[in-house]
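Trainee: What would the 3D arrangement of this be:
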Amino acid sequence: MKFLITPLLIATLLTQLSACAPLIIGSAALATKVVIDRRTAGIQLEDEAISLRSESGLRSQLPKSSNVRVSSYNRLVLLTGEVNNESERLQAERFVKSQDNVKSVINDLIVSPESSLTQRAQDILIATKVRALLIQAKDIHSSAVQIVTERGNVYLMGRLTQAEAKRVVDLISTGNVSGVQKIVKVFETISEEDLARLVAPSRP
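Mentor: Model prediction:
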């Protein structure tokens with residue numbers, strides 16, 4: 001199914017994306033997220049703090065023409081977006097590495113003008129369709145996968161077994177999601193034994 005990108009659709013999608021933040025941090029939604037996430041509640045809070053501190057600091061250090069997105073999962077940090085030159089790209093990486101609790105940084109920033117509103121709207125559509133694929137697949141815990149989409153590149157973060165990671169990539173590769181340029185695995189690989197402990201029901 002093809003989507004027609006119009007100015008109205010772009011505005012609607014960007015508005016909805018902005019509106020998601022206050023809803024997600026509501027007490028009920030946050031409680032549910034803590035239960036189903038494969039990170040501890042403490043690590044989830046650390047990841048949120050890393051992203052917020054890093055993006056805030058980079059906004060004050062880099063020119064307004066740069067566009068850096070910071071995504072943290074289990075203290076593994078992914079940098080995506082655009083900067084004006086190689087010096088800014090390395091500066092962003094150094095700054096994020098200096099933040100408390102950061103385990104490692106994957107720098108996928110590119111030297112390029114900032115992406116257009118149309119491209120961002122397409123990225124939102126891609127992420128929505130990828131999420132739908134994972135939800136529809138009954139053998140995948142979709143909540144264990146964090147999806148970051150930038151310029152058609154789909155970055156997959158999370159704590160998955162090798163079998164789960166392969167299944168997720170296969171689903172997206174064969175799912176006919178238009179606009180996907182490439183799939184980048186940023187998974188932390190865990191063993192089947194680790195998975196069994198993570199998903200075991202809590203005992204009284």
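Trainee: residues in contact with the residue nearest to Ala49 when sequence neighbours are not counted?
Mentor: Among residues not flanking Ala49 along the chain, Asn101 sits closest, at 7.7 Å (Cβ to Cβ, 6 or more residues apart in numbering). Every residue, glycine included, has its C-beta placed from N, CA and C. Shown in contact with Asn101 (Cβ atoms under 8 Å, 6 or more residues apart in numbering): 46, 49-50, 75.
Trainee: Out of those, grab the one that's most surrounded.
Mentor: Ile50 (23 neighbours; other Cβ atoms under 10 Å).
Trainee: secondary structure element for that one?
Mentor: Assigned by DSSP states H and E, Ile50 belongs to helix 41-61.
Trainee: Tell me the buried residues in that helix?
Mentor: Within helix 41-61, the residues that qualify as buried are 43-44, 46-47, 50-51, 53-54, 57-58, counting by 16 or more other Cβ atoms under 10 Å.
Trainee: Packing partners of it?
Mentor: Applying 3 or more Cβ pairs under 8 Å, 6 or more residues apart in numbering; DSSP states H and E, one finds that helix 41-61 contacts helix 27-36, strand 67-73, strand 76-83, helix 86-97.
Trainee: Can you classify Pro113 as helix, strand or coil?
Mentor: State at Pro113, reduced to three classes by DSSP: H, G, I helix; E, B strand; the rest coil: coil.
Trainee: How many neighbouring residues does the closest residue to it other than its chain neighbours have?
Mentor: Nearest non-adjacent residue to Pro113, counting by Cβ to Cβ, 6+ apart: Glu82, 6.6 Å away. If you count neighbours by other Cβ under 10 Å, Glu82 ends up with 20.
Trainee: separation between Glu82 and Leu58?
Mentor: 12 Å (Cβ to Cβ, to the nearest Å).
Trainee: The residue nearest to Pro113: what's it in contact with?
Mentor: 66-68, 109-115.
Trainee: Same question for Leu62.
Mentor: 68, 83, 88, 91-92.
Trainee: would you turn those residues into a markdown table with distance to Thr189 and neighbour count?
Mentor: A markdown table is the format used below for the contacts of Leu62 (distance: Cβ to Cβ, whole Å; neighbours: other Cβ atoms under 10 Å):
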| residue | distance to Thr189 | neighbour count |
| --- | --- | --- |
| Val68 | 27 | 23 |
| Val83 | 30 | 24 |
| Glu88 | 32 | 20 |
| Gln91 | 30 | 16 |
| Ala92 | 26 | 24 |
